[in-house]
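Asks: Turn this into a structure:
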Amino acid sequence: MQVRGLLLLLVLILVAATAEAGKNKKEKAKKDGSKCEDWRWGPCVPNSKDCGLGYREGTCKDESKKLKCKIPCNWKKKFGADCKYKFESWGGCSAQTGLKTRSGILKKALYNAQCEEIVYVTKPCSSKIKSKSKAKKGKGKD
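Replies: Residues are numbered from 1 along each chain as shown. Take a look at the predicted model:
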């Protein structure tokens, strides 16, 4: 009977210690965090060149913060990394310009970025003609 009481007391002490540790972590997060809720974030600025790892600065009243960010090197620099678009299929090739065009509609603006609602992109027409299907060797021959 005494062993059960001792085990029960030990379990209660462990539960109390765990709850206190979790409480201290929450209090620390509140001290490090900000009470300000209206943050204004700037664009992601790469550390070197025009893509890769970088940072973005945010301000709220008298406070300022820097967050790490990344601009993919294959991203369309014209739109910025904070504007995400859903693009249609490529249109037909224009014989006059030698370009094909497609449009994209704004899907998401990260960090309150200033993004255009609709964007248009062009690319050169392919000079290669793609064949629809190739005959398989060895099949269909008698």
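Asks: So residue 69, which state does it fall into?
Replies: Secondary structure state of residue 69, per DSSP: H, G, I helix; E, B strand; the rest coil, is strand.
Asks: next one: residue 9
Replies: helix.
Asks: if I look at it, how far off is residue 49?
Replies: 63 Å (Cβ to Cβ, to the nearest Å). For every residue, glycine as well, the C-beta is placed using N, CA and C.
Asks: for residue 126, same thing?
Replies: Counting by Cβ to Cβ - residue 126 and residue 49 are separated by 29 Å.
Asks: List phi and psi for residue 84.
Replies: The phi and psi values for residue 84, taken as degrees, to the nearest 10, are phi -110, psi 130.
Asks: Help me confirm that it comes into contact with residue 105.
Replies: No: assessed by Cβ atoms under 8 Å, residue 84 is found out of contact with residue 105, at 10.3 Å.
Asks: The two - which one has more neighbours?
Replies: Neighbour comparison, residue 84 and residue 105: the larger count goes to residue 84, with 15 against 12 (by other Cβ atoms under 10 Å).
Asks: Helix or strand: which one has the closest residue to that one other than its chain neighbours?
Replies: In this structure, residue 84 finds its nearest non-sequential neighbour in residue 108, 4.3 Å apart by Cβ to Cβ, 6 or more residues apart in numbering. Assessed by DSSP states H and E, residue 108 sits inside strand 99-109.
Asks: Give the pairing partners of that strand; include direction for each.
Replies: strand 83-87 (antiparallel), strand 118-124 (antiparallel) (DSSP bridges).
Asks: Now do the strands in the chain.
Replies: Assigned by DSSP state E, the chain shows strands spanning 40-41, 45-46, 52-60, 63-71, 83-87, 99-109, 118-124.
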